[in-house]
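> next input, structure requested:
(2 chains)
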There are 2 protein chains.
Amino acid sequence: MSALRFPNLPPSEPQGSDLLAQERANTTFSIHEVSTFLYGEVYLERQERLLPMIENEPAFDKSNRYFRGRTERFAAALRKDHALVKLSKEFKWSPDEYLHAESLIDEAGPFGLHRGMFMPTLASQSTDEQLERFLRPAQRYEIIGCYAQTELGHGSNVQGIETTATYIPETNQFELHTPYLTASKWWIGGLGKAANHAVVMARLITNGKDYGPHALCVPIRSMEDHTLLPGVMAGDIGPKFGYNTTDNGCMWFDHYRVPHISLLAKYSSVKPGSGEYVKPPNAKLSYGTMVLVRASLVGAARHGMAKAVTIATRYSAIRRQFVDKDAPKSLGKQIVETPVLDYSTQQYRLFPIIAAAYACFFTSKEMMRLYHLNMKNMETGDFSLLADVHASSSGLKSLTTTMAASAIEECRRACGGHGFSVFSGLPLLLQDYVPNVTWEGDNYMITQQTGRYLFKSFRELVAKRTSGKFSANQINNPTLAYMNTYLENPTLKCPATSASQFHNPELQLAAFGHRAASLVAQIVHALDVKKRTWNSMLVDIYNVSVAHCQLIMVQNFILGIRGEMPQPEGVQPTVLSAASKEALTDLSDLFAMHTIHKQPGEFLTSGYLDAKQISLLGEAVMNVMEKKVRPNAIGFVDAFAFPDYLLNSAIGAFDGRAYERYTEMATREPLNKTEVVEGYEQYIRPYTNPRGLKGHLLQARI
Amino acid sequence: MSALRFPNLPPSEPQGSDLLAQERANTTFSIHEVSTFLYGEVYLERQERLLPMIENEPAFDKSNRYFRGRTERFAAALRKDHALVKLSKEFKWSPDEYLHAESLIDEAGPFGLHRGMFMPTLASQSTDEQLERFLRPAQRYEIIGCYAQTELGHGSNVQGIETTATYIPETNQFELHTPYLTASKWWIGGLGKAANHAVVMARLITNGKDYGPHALCVPIRSMEDHTLLPGVMAGDIGPKFGYNTTDNGCMWFDHYRVPHISLLAKYSSVKPGSGEYVKPPNAKLSYGTMVLVRASLVGAARHGMAKAVTIATRYSAIRRQFVDKDAPKSLGKQIVETPVLDYSTQQYRLFPIIAAAYACFFTSKEMMRLYHLNMKNMETGDFSLLADVHASSSGLKSLTTTMAASAIEECRRACGGHGFSVFSGLPLLLQDYVPNVTWEGDNYMITQQTGRYLFKSFRELVAKRTSGKFSANQINNPTLAYMNTYLENPTLKCPATSASQFHNPELQLAAFGHRAASLVAQIVHALDVKKRTWNSMLVDIYNVSVAHCQLIMVQNFILGIRGEMPQPEGVQPTVLSAASKEALTDLSDLFAMHTIHKQPGEFLTSGYLDAKQISLLGEAVMNVMEKKVRPNAIGFVDAFAFPDYLLNSAIGAFDGRAYERYTEMATREPLNKTEVVEGYEQYIRPYTNPRGLKGHLLQARI
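Take a look at the predicted model:
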């Protein structure tokens, strides 16, 4: 019970619910059609089916989520993960159903990495015996595992990890050991408190030789009572910016012996007794998984941005501040303040994020298609797609997660003060999202992989062209295509002479292609001719990866709306109605044009665009936002189809009752349980009423 | 006591302490000299004197700060504020000493706004009687107050607030009332739980006429027992992204009557009985205070950036990852990994932030000088400085706080995974810093004030020049000077033909001046000739404010190092040694050149720079970072003189023992108090050992 009772007052007119209803009435396309285009009917139907079940499970209740300290949050998350497993067993959920439920509950938990990393690693690296011994009980949750790779001193450079696993032929065991403090396993999700097993990455040493990192599956806590096993020390690494519902853990081994079967031996192994090392086959196979993880992060970037911009856009349609003197709004006879969504700065902050979320959708879909196609090809020994897909997935992971992290924070700030309240939903969203820019390859570092591929492709193309035996038929991927176009005419100029011409998709693609290729050419020249060191070029390499990946995103967006994207085998492209196509084309135009307008430098230095054109482009951006995107803004975010339960936002709910929800949430703040704060007697009264005076005596004193 | 015992292992070689010692030995300037230049001897001496006293006060102990949930954090902050007042009374601290202590403790608390807003408002707006009645007891902390302006529905637009204060002639009282939910007072620091008085901004209504917002000082909680007074309802608004040690509150009035003396009446008043309204004098006087607040935020931006970059730079000198193949590092005969600070991307992320922090230092100093000069002038009726100072302070508040918020987050990310740990000190720093971009004028919105002034100045200058009676003598401020230079030759081109020429400060200033003036010219043309609406130009207006303020910062940096900044009356400029001057000039060059390099678009479209020059500039940036800033990086951040107690960072402490401190902090995590997690029996054992089996039986089962 709260001591804070708030008055039963309505917000002043106009009401948020009326405003959002009006916005929806103005939408020029079918919101349901676009939702279906994005997710498919199966997904939407599943969401409708799962949602009530999840909302009604007490362990998944979100009403106290924002009030808990770390200890309580972890306890609630453990309860939640237990209930999730229970429900999934009870209703025999498919993996898709499980993932969908997890995404609606939207809270990392102690069992998350068991499913996300421990089991997949076992599945891909185990022998049959190991599958039986480790994976089967893991599927039943008898074994709960974590994936212990990162160390206190080594994250990005996995080859540099220091934990050792030394083969002991006498007992046919491996001895795990932590030689330095920097070799402490660190950041391992689920290790802190929950897991009883771990896949440990350690340097394999046998017969005195170090074979580098290998995976071992080992017990760490007693199956009987969950105490740590002798030789293992582990615990939680403490509070974090986000993810405080997960027990990221640390671990040290003190000459800890494990049986021979612990070394996951599908690809490489150690022969019992002799300790002879058996080498793995083609290492390229492991790149496939990396592509999958990075492609899925592009999808997660879409999800994060879309949630944030749904909240910020809805609230900006409700929130009014100042009167735009050139275009005052009225309600009846009275002038009322202008919704902040009508200000061009607010549009410039939010609408490109809406567009970017849609852009990520198309590119994540295409990356998943390419991943599956490449995996299929590799099974038949065809590695031709791998390099391009791996390079793009690295650069796109870097680009889209950086975009999403900035976008979420921009949405938070665009809600003014109320974006600072946890009740807006935005702070926690940001805090839980930002690790994406660091994990699975730091966003600056991994762009080197994209760069290397681009430079190699460019050098080969130039060599072919100068060999005299070149024909355009040799161009077998889009990367070579844009590079070749550039090489055909490196001084090509944009023909645009009016703002409207920037809506031409061919022109947009030409601008992005010319800019990316010209950056590649400059860097290759610096490396090969000027002999600049790789390290000195890292900033340029980061920039060229961004340029390449922005081109990919623009391209996929354009083709996706047209229904011209290649489809997975057997899948027919969805055909959009003219109204939806037009609305999405506005977003595609905005995405391309705003990306140039925000950072025009390289488009100018590449020589493709000039100052006059940048100015025209600016007009086109402002125009498409005001005239085309503004009327559909609420429709665009509604089409993301996020239930209120998922958003858990006082100011971003579907019905527009922002201020009512917000005040109601405040009454539940634990500090409001008492009218007079704990600590008053000790810390306030000694100053304000030291002698315990009563009413009129006090009045006389001050 | 923690159940987590970590092994007594050293990090692998080389040790952080040796690395930082080596860095310090390489520094080319005297760190103490630069510290003294920045802060003055008085400040540094005071810090040394206060620090032990503060570190030894149990209420200021930071060792548990990172583990507390919101309720405990607020309780600790209340205790802390109580102790701070006690100590300040006991030692008769001067305001400077108080502020310095507060800054070292570095935690907002429930009494913060009492000192920061409540008392200053009383001081500036009270009659003598009100000073006696309100301010004196406030100074003794008998009254503890807050400043209640913001409402649920109104922040930026103060003129739109909805709370009313209606004069009741019959009883000579004012009646405070909350007519709508949106009129709820919201975000008011100290109101939630601590304050017993409030300065309330409400629409003054007398004789049926609404005179807009006025300030009233009213009691809200009983002086006897701290319960809410009848007619007042108040409470805490709940958890926030940061500032959770403060009780930001909400409040509603239900026809709450207060005596006539409550209306702060120094400038405007209501005559008792007749209710006649007495108008305030020149409203311009209040702009002075706004300038002070915004100028002080420029200083706070410096502080925030400097703290973050101290942590990130020190840790980057310790943290090693991968081997730079072109320049491998060795320790004895062994190749060791490269410190991440040697990678050019890490330098590009951090060094411009070091430079920006120094840049803010010079500009904040100059803004304070201008504030005092302007206040002095205004007292004599001279308002000539006001417009320029007000415009610059608005734009600089926007620019520097946006820079600092991005910089802190960039530093956090640049620490890789460990920047995500609260122990790094960076998450809390960011969370407590970011409200700066919203409060005291939203960073997008307030740039309109800068824009208006620039356009007015430009129009007047153009009019003068075309009048035929213009002479350069009429140029009496730097803003007109750069505009006039531009108008003399709008097609001026940069003469640079080599990278080194960008180190020329005159060339840097010319580039920034030409770009700012050309943007002003474009916008004035769009508004006046093309008749574009103000709203449609807001993005351009934001950009022109950035351009103008970046010029100011570059200018102050250059003049500041030269010792050519105007000084407050009676103050002699400090003369720097040649070594320090050279080192700071590297930072000044980096600040100017990197600012262009990062966002070259407008420098290109203004016509001053071309593509070839941007490429040369890029070389100059990379070169100055690698050759000049890198060897002094640790020296530059050491010169900020932040004690470890202030930084409270596991990875950013002075001695470089990052991994040792980090592991030690983790052992104190509350979840580590028990070896087996609470909740095991209920949520884990049912899956892992449902039948309570013992050791060998379990082995057989899985």
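> how is chain A partitioned into domains?
Partitioning chain A according to automatic domain parsing yields domains covering residues A:49-107, A:114-281, A:287-638.
> show me how far the first one is from its chain's centre.
Which is domain A:49-107. Centroid separation between domain A:49-107 and its chain, computed with CA atoms, centre = their mean, to the nearest Å, is 20 Å.
> how long is that domain end to end?
From its first residue to its last, domain A:49-107 covers 20 Å (CA to CA, to the nearest Å).
> do the same with the second one
One end of domain A:114-281 sits 27 Å from the other (CA to CA).
> can you give me the helices in the stretch 51-200 of chain A?
Assigned helices in the stretch 51-200 of chain A, in chain order: A:70-90, A:95-105, A:112-113, A:119-125, A:128-130, A:136-139 (criterion: DSSP state H, counting those that start in this stretch).
> where does chain A get nearest to chain B, residue-wise?
Minimum separation of chain A from chain B (CB to the nearest CB) falls at A:Gly69, amounting to 1.9 Å. To be clear about C-beta, it is placed using only N, CA and C from the backbone, and glycine gets the same treatment.
> now do the contacts for that residue.
By CB atoms under 8 Å, 6 or more residues apart in numbering or on different chains, the contact set of A:Gly69 is B:68-72.
> try A:Val621
A:Val621 makes contact with A:348, A:590, A:593-594, A:597 under the criterion CB under 8 Å, 6+ apart.
> output those residues in a markdown table; the columns should cover secondary structure, pLDDT and distance to chain B.
Putting the contacts of A:Val621 into a markdown table (DSSP: H, G, I helix; E, B strand; the rest coil; pLDDT from 0 to 100; distance: CB to the nearest CB, whole Å) gives the following:
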| residue | secondary structure | pLDDT | distance to chain B |
| --- | --- | --- | --- |
| A:Tyr348 | helix | 98 | 5 |
| A:Leu590 | helix | 98 | 13 |
| A:Met593 | helix | 98 | 13 |
| A:His594 | helix | 98 | 11 |
| A:His597 | helix | 98 | 9 |
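> strands of chain A, start to end?
Counting by DSSP state E, the segments of chain A that form strands are A:145-148, A:164-168, A:173-177, A:185-188, A:197-206, A:209-219, A:232-236, A:249-253, A:256-259, A:269-270, A:277-278, A:329-331, A:334-336.
> now the domains of chain A in a markdown table, with distance to B:Asp326?
Formatted as a markdown table, the domains of chain A follow (distance: least, CB to CB, whole Å):
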| stretch | distance to B:Asp326 |
| --- | --- |
| domain A:49-107 | 44 |
| domain A:114-281 | 17 |
| domain A:287-638 | 4 |
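> pLDDT below threshold where in chain A?
Counting by pLDDT under 70, chain A shows low-confidence ranges at A:1-2, A:283, A:285-286, A:696, A:699-702.
> how about a cut-off of 50?
Flagging of chain A using pLDDT under 50 yields the residue ranges A:1.
> just flag the most distant two among the contacts of A:Val621.
Comparing every pair within these by CB to CB identifies A:Tyr348 and A:Met593 as the most remote, at 11.8 Å.
> when those two are compared, which one has more neighbours?
Relative neighbour count places A:Met593 above the other of A:Tyr348 and A:Met593, with 26 against 19, counting by other CB atoms under 10 Å in any protein chain shown.
> so who does that one touch?
A:Met593 is in contact with A:502-503, A:508, A:617, A:620-621, A:624, counting by CB under 8 Å, 6+ apart.
> closest one to B:Met403 out of those residues, please.
The nearest member of those to B:Met403, counting by CB to CB, is A:Val621 at 24.1 Å.
> neighbours of the residue lying closest to A:Asp247 once chain neighbours are set aside, just the number please.
Once flanking residues are discounted, A:Asp247 sits nearest to A:Gly192: 3.1 Å by CB to CB, 6 or more residues apart in numbering or on different chains. The local packing count at A:Gly192 equals 28, with neighbours defined by other CB under 10 Å.
> A:His594 now?
Applying other CB under 10 Å, we find 22 residues neighbouring A:His594.
> tell me the contacts of it?
Applying CB under 8 Å, 6+ apart, one finds that A:His594 lies in contact with A:348, A:351-352, A:355, A:621.
> equivalent analysis for A:Ile475, please.
Contacts for A:Ile475 (CB under 8 Å, 6+ apart) come out as A:481, A:484.
> and what of A:Asn8?
By CB under 8 Å, 6+ apart, no residues touch A:Asn8.
> what are the ranges of the helices in the stretch 351-500 of chain A?
Remark: helices assigned in the stretch 351-500 of chain A by DSSP H, counting those that start in this stretch are A:386-414, A:426-433, A:447-466, A:478-488.
> tabulate those (CSV), appending distance to A:Met201 and mean neighbour count.
Shown next, in CSV, are the helices of the stretch 351-500 of chain A (distance: least, CB to CB, whole Å; neighbours: other CB atoms under 10 Å in any protein chain shown):
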stretch, distance to A:Met201, mean neighbour count
helix A:386-414, 21, 25
helix A:426-433, 25, 24
helix A:447-466, 20, 19
helix A:478-488, 33, 19
